[in-house]
Structure formats: structure tokens, C-alpha cells
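Trainee: here's my sequence, what's the structure:
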Amino acid sequence: MPDMRFILFTITALMTVGCQSPRSITGSTKQKPSNFEREITPFPVHDAQEQLIEYPFLGGFNTPRPQFVDIDADKDPDLFVQENSDELMFFENKAGESKSELTWRTDRYRDLAIGEWFRFADLDQDGDFDLLTEQPYSYIRYYRNDGSPENPDFTLVSDSLKDVNGKPIFSDRQNIPNVTDIDCDGKLDLFIGRLDGTVMRYESTGLDDREVPKFKLVSKQFEGIEIVKQIGTMHGANTLTFADIDNDNDQDLFWGDFFEPSLLLIRNEGSCSNPELQGEPESFPLSDPIKSSGYNAPAFADWGQDGDLDLFVGVLGGAYNANQTLAENFYFYEQTENGNFKQRSKQFLSNVDIGNESIPASGDLDGDGDNDLLLANKIDPGNGNTSLVYKFENRGTASEPSLHKSEALELPNAYHYAPALGDLNNDGRDDLLLGTWKGRIAYYRNTDDGFKSVSESFVELARGSNSVPALGDLDDDGDLDLLVGESGGGIFFYRNNGSTESPDFVLQENAFPNVKADHRSVPALYDVDADGDLDLFLGTKSQGLLFYRNTGSVQQPTFEQQSLPVAIDVPKLASPNFVDMDADALVDFWSGGKSGGLIYYSGSK
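Mentor: Sure, this is the predicted structure:
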């Protein structure tokens, strides 16, 4: 007679496998633990026009602040971009003098604290680039380059630049200042835009005994400039930079304003030694002015090394419906013949970016044995009436993925869509649970004709909003249970009292009261210590990634907060997701976030 214990074990194991996709990590089967390494291009990703996305997993941009600097003195322009407070992305130009080609190096250049803005300039005029940044709140921090032009090494020398009277120079953190020698006298000038549309000019008087530049206030209203606005009489947050755009050997001024949809040029009609910037501001480029949501941050570089300046603009989002530029906000204009400019791209650094507050879900959508991707946003830039969920189909293989973006899923209008995937009816295809801003979770069955609605309110939170579902077998009974994050930062646990073919999620009151973020929670399950039970990771609004180890059992989970056991750095409003994307039995990680894109970490031994 056969051993009944063996038969029961086999049936349970088969049920567990049957309710999961081939590379799912939501069950309680032991897996190899992974180390994680940040990657930008781990495999090919294509946009909806089948164009290869060059930097797919940068994480997206909402407010890119660019500057081109030859930081390593190899005669080509490298790129720095700020998207988040105190974080400076660095792209090295490795193509040489003949052309330009950027390689991502880091999200946090030298771990420098930069506040809300940064400017590289040779402040001590020793032949290498120093760095000015925002010192919270609204002062100017100075990093001196104590290295060399080829190998910079930055030292924080002063947390606030001072004028000749020893008074800290105030620079509103919403306004990005700049440095140039405006009158060609060999002394650097510091320019600070003000909220009233005027410009303050300071001139360097040399270095103090600590070798920190000192500045003397020369003018509270440089050249009588007062930026004329598009809306009423308002001025707002601003950016400014200088460039000799007309090749007459003097510096012209470019101004981006919160209340200005274009970029304004104030031409220098004087000379290098005698600047005169008193003309009317002109919308730029002159032949085809920028029209964005406002608050445009310009940068210039000779891109392609053809001898003229090209224009780059980070659209920070101003008074003209900033939602419209949440995804396409890094404009590139090439200077062509006769000083004209031609727009080449609205997303200079092409990456996966669908707007803001992106949330991923991975699973086998078409039953072909590999993992596909769904990616949802908060509000779609092209349609302010709803969020959208985009599908990225894996047209490669299980071990060599290749993602292809397709049109958004056909869903009712709603905000803050949050997808989770799992086989809820045991047919071998992952079905869809979809959270919304109102706290409801809809259920869509995966069929030959796409996702079909089973219930628009399959689960509804008794309290809270921004429901974010996550599926996993938390009690080891062979079916998928449900965790739901919400706006208040807590977690709701719904045990599946149904079956592998017909789920019935029942709320377990106060199941995990110690699992709590300050604000917004996005759960993800992964057996990080390979002990056979599911541990909990929690994405948050501003606390990074929280970790709760399962110190209970496979059948009865108990979550205890501990330090993060993996080296993963996530953005604000992180939305973690663990998946084995390349079928190597090592779990990979990706996360959406505030900026609307994806970051990716490959699993390694």
C-alpha cells in the first residue's frame, strides 16, 4: 500500500507549482538567494515604434537639470543630470573627439550632497572644475576640486559662500544660478535670478585665507533686466545660463521661468569687455521657440564635436500643465546651418518613462514560458483623465529576454493603477489584480482575447486609498493570498479561503500591525534568506525600501522589521518587484518610482 504522506505531499507540491508562473517567486519553495547589481541595459527593451531604448532602466525623469562638463579633460562633453535632491547622475562621454557617446556611470556622483541644484565652474581658476550646489536652505555650498583636471577630487570647503562683508549669499533654492566672466576681466561673476524677474550680479574679489572665493555685490538689478511674463505680472522660479550664441565673443543670457512656456534669450549687444544686455527678451530658438509646460533649464554643448553649440533643455514643469511633460522633458536641439536650431528629441536620454509614480508587475502574460511586464503610472501625460497600464511583451526567450512596449491595456478611467499578476484560476496564465486610488482592487481574468473583467471591486479597502496588491502563498496551502498596501502606510492581509481555481480573499483583521511605513506602502514578497517562507519588502514614499523578515513559519507568517539584507537603492515612492527575468535561478529586482521609469538590479551569486 502506498505511503499516504508521500501522496499528500506530492499533491500539495503540484498545487503549489500549478498556481504560479514558471519563474514566479510568490510561492514558499526555497530559492537561491541573490546579490544585486545595478544595471541600465541588462537586455534589449524597445518602444512602441520598435526603436531600441538606449538607457531603459535609468528610472525616468520628471525634473531633469542638465549640465555638460568635460570633467575628465579628454576634450569631449560629459553629462551630469540632477533628478532628485542630493543625487547627481553622471554619464561619461567615451566616444572621443570625433563624435559623442554617453555611458552611464552612477546615480550618485562621488556621493556629493548637492541639495536642489548644482553648477560646475572653475571657481579658484586653477584649471579644473569646482562645484557649487544648494546648501539647505537657499545658500550656496562650495566644493573645491583638490584633484586634477583629469582626476577630480572634491572637498567641501564652505557650506555657504559669503560676500566681502562676511554675510552668507542667499540664493532661493527654486532658482538655479550661474557663473561666468561677463566682462572678460579675469574675475568670475556670480548671477542669481530672483523671484521678481531680476538678476543679482556678484563679482569675485579673490580667495580668502581658506582659499574660498569671496564675492562683492555689484548690482541688485543687473543691466536693468526684469523678465516680462506670460501670465499677468507674475514671475517665478527660474534658471539662467550664459552662452555666446551668436559667435560675437560675448556672453548672452538665457532665462527659463516658471511662468514662461519658452526659453528667453537676452542678447548681449555690447562687447566682451563692455556687456550690454538691455534688449527685449526673445523666445528661443528664434525660428521655432520652445513650447513646454514652463520652467525650462537650458544647457549648451558642442554635441557631435562639429564646432557649434547645441541646446539641451530640462523641462522642470511650470504653470502650463506640468503633467504633459512628465515623460518627455529632456529636449535636444541641434544647431544647423545659419545658426538655426532643429529639435531632434524630447527625450535625449531615451529610457522607459511613462510619466510618474510607476508601478511594475511581472508574470507570464501569454503562456509562453517567459516573464512579461506590466507598468502603470499615476496620471498619464497624454491623458490627464486616467492612469494607464502599459504592456511590455517578452519576445525573446526565458534566458535572453527582449521587451517590446505595446499599447496600453483597455481599462476604465481611474487614477493610481497598481497591477499585480498571478495565476488565480490555475489555467497556466497570469491573471491581473488592479488597485486604484479609491482603494478598490479589480480582478481581470487572462483569456485568449486579453484581460476580461471578473469584478471591478473584487476587494475593497475598508479604510485608506491607493490600494497596491501583491500576491503570494503566505500560508503554504497551494493558493495565492493577497497583501494590500495603502496610502497610510499599513498592510492589509487577505487570506485566500477559496481554491486555486476560484479565489476568495477574506480580510484577516490586524494581521501584521507592526508593518507600517510613514506614508504609502507598496508590498513585495521574496524569500530572501532561502528558508522556505516569504519575507516582505515594503516600498515607501520617502523611507526607501523597508524589510520585514518572516520569523514565523511557512504556514503562519510573522514579520519582524530588520535592516535591509540586500544592497539596493530605490527612488521615492518605490514600487519593488522581484522576478527571475533570465531564468538563471537567481532573482532579479526592479522598481518603479516617483519619476515614472524603472530601475533594475540583476541577481548574482
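Trainee: low-confidence ranges in the stretch 201-350 of the chain?
Mentor: Applying pLDDT under 70 to the stretch 201-350 of the chain flags the ranges 229-235.
Trainee: what about Val484, how many residues nearby?
Mentor: Using other C-beta atoms under 10 Å, Val484 has 27 neighbouring residues. C-betas here are computed from N, CA, C, even on glycine.
Trainee: how about residues contacting whatever helix or strand it lives in?
Mentor: If you go by DSSP states H and E, Val484 is part of strand 481-485. Strand 481-485 is contacted from outside by 433, 435, 441, 459, 461, 466-475, 491-496, 505, 520-523, 525, 536, 538-539, using C-beta atoms under 8 Å, 6 or more residues apart in numbering.
Trainee: mind checking which of those residues are in strands?
Mentor: Of the contacts of strand 481-485, the ones assigned to strands by DSSP state E are 433, 435, 441, 459, 468-472, 491-496, 505, 521-523, 525, 536, 538-539.
Trainee: selection in PyMOL covering whichever of the contacts of strand 481-485 are buried, please.
Mentor: Typed into PyMOL, the line below selects the buried ones among the contacts of strand 481-485, using 16 or more other C-beta atoms under 10 Å:
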select buried, resi 433+435+441+459+461+466+467+468+469+470+471+472+473+474+475+491+492+493+494+495+496+505+520+521+522+523+525+536+538+539
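Trainee: Asp353 reaches Phe57, doesn't it?
Mentor: No: contact criterion C-beta atoms under 8 Å: Asp353 and Phe57 do not qualify, at 10.5 Å.
Trainee: more crowded one of the two?
Mentor: A count of neighbours by other C-beta under 10 Å puts Asp353 above the other of Asp353 and Phe57, at 28 against 23.
Trainee: can you list residues touching both of Asp353 and Phe57?
Mentor: Gly597.
Trainee: given the helix or strand where Tyr444 lies, what are its sheet partners and their directions?
Mentor: Using DSSP H and E, Tyr444 sits within strand 440-447. Strand 440-447 sits in its sheet next to strand 431-435 (antiparallel), strand 450-460 (antiparallel), going by DSSP bridges.
Trainee: and the strands in the stretch 1-150 of the chain?
Mentor: Under the criterion DSSP state E, counting those that start in this stretch, the stretch 1-150 of the chain contains strands at 35-39, 45-46, 65-69, 78-82, 89-93, 102-106, 118-121, 130-135, 139-145.
Trainee: gap between the fifth one and the chain center?
Mentor: Read it as strand 89-93. 16 Å (C-alpha atoms, centre = their mean, to the nearest Å).
Trainee: for the record, mean pLDDT for it?
Mentor: Strand 89-93 shows a mean pLDDT of 97.
Trainee: and that strand, what does it pack onto?
Mentor: strand 78-82, strand 102-106 (3 or more C-beta pairs under 8 Å, 6 or more residues apart in numbering; DSSP states H and E).
Trainee: make it 10 Å
Mentor: If you count contacts as 3 or more C-beta pairs under 10 Å, 6 or more residues apart in numbering; DSSP states H and E, strand 89-93 packs onto strand 65-69, strand 78-82, strand 102-106.
Trainee: hmm, back to that, so can I have JSON lines of the strands of the stretch 1-150 of the chain showing mean neighbour count and distance to Asn329?
Mentor: As requested, these are arranged in JSON lines below (neighbours: other C-beta atoms under 10 Å; distance: least, C-beta to C-beta, whole Å):
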{"stretch": "strand 35-39", "mean neighbour count": "16", "distance to Asn329": "23"}
{"stretch": "strand 45-46", "mean neighbour count": "21", "distance to Asn329": "19"}
{"stretch": "strand 65-69", "mean neighbour count": "22", "distance to Asn329": "11"}
{"stretch": "strand 78-82", "mean neighbour count": "23", "distance to Asn329": "11"}
{"stretch": "strand 89-93", "mean neighbour count": "21", "distance to Asn329": "14"}
{"stretch": "strand 102-106", "mean neighbour count": "16", "distance to Asn329": "17"}
{"stretch": "strand 118-121", "mean neighbour count": "21", "distance to Asn329": "18"}
{"stretch": "strand 130-135", "mean neighbour count": "23", "distance to Asn329": "21"}
{"stretch": "strand 139-145", "mean neighbour count": "22", "distance to Asn329": "26"}
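Trainee: looking at the ones you listed, spot the one closest to Asn510.
Mentor: Nearest to Asn510 among these is strand 35-39; the distance by C-beta to C-beta comes to 32.8 Å.
Trainee: off-centre distance for the closest one?
Mentor: 17 Å.
Trainee: show me what it is in contact with.
Mentor: Contact with strand 35-39 is made by 56-57, 104, 106-107, 566-569, 578, 586-590, 599-605, as judged by C-beta atoms under 10 Å, 6 or more residues apart in numbering.
Trainee: could you export that strand as CSV, CA atoms only?
Mentor: The C-alpha trace of strand 35-39 is given here as CSV (Å, rounded to 0.1, in the frame of the first residue of the first chain):
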residue,chain,number,x,y,z
ASN,A,35,23.2,39.5,-4.6
PHE,A,36,22.2,42.5,-6.7
GLU,A,37,24.0,44.8,-9.1
ARG,A,38,22.5,47.9,-10.7
GLU,A,39,22.2,47.7,-14.5
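Trainee: list the buried residues in stretch 292-303.
Mentor: Applying 16+ other C-beta under 10 Å to stretch 292-303 flags 292-301, 303 as buried.
Trainee: my error: substitute stretch 530-545 in the last question.
Mentor: Residues of stretch 530-545 classed as buried: 531, 533-541, 543-545 (neighbour count, 16+ other C-beta under 10 Å).
Trainee: a markdown table please, covering the strands of the stretch 1-150 of the chain and showing distance to Phe332.
Mentor: Putting the strands of the stretch 1-150 of the chain into a markdown table (distance: least, C-beta to C-beta, whole Å) gives the following:
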| stretch | distance to Phe332 |
| --- | --- |
| strand 35-39 | 25 |
| strand 45-46 | 20 |
| strand 65-69 | 10 |
| strand 78-82 | 11 |
| strand 89-93 | 14 |
| strand 102-106 | 12 |
| strand 118-121 | 20 |
| strand 130-135 | 24 |
| strand 139-145 | 28 |
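Trainee: which one, of those strands, ends up nearest to Thr205?
Mentor: strand 139-145 (14.9 Å).
Trainee: average pLDDT across that closest one?
Mentor: The average pLDDT within strand 139-145 is 98.
Trainee: next SSE downstream of it?
Mentor: Following strand 139-145 toward the C-terminus (DSSP H and E): strand 154-158.
Trainee: convert that following strand to CSV, retaining C-alpha atoms only.
Mentor: Extracted C-alpha coordinates of strand 154-158, given in CSV (Å, rounded to 0.1, in the frame of the first residue of the first chain):
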residue,chain,number,x,y,z
PHE,A,154,36.1,67.3,-4.4
THR,A,155,36.5,68.7,-0.9
LEU,A,156,33.7,70.5,0.9
VAL,A,157,35.4,73.8,1.8
SER,A,158,32.4,76.0,2.7
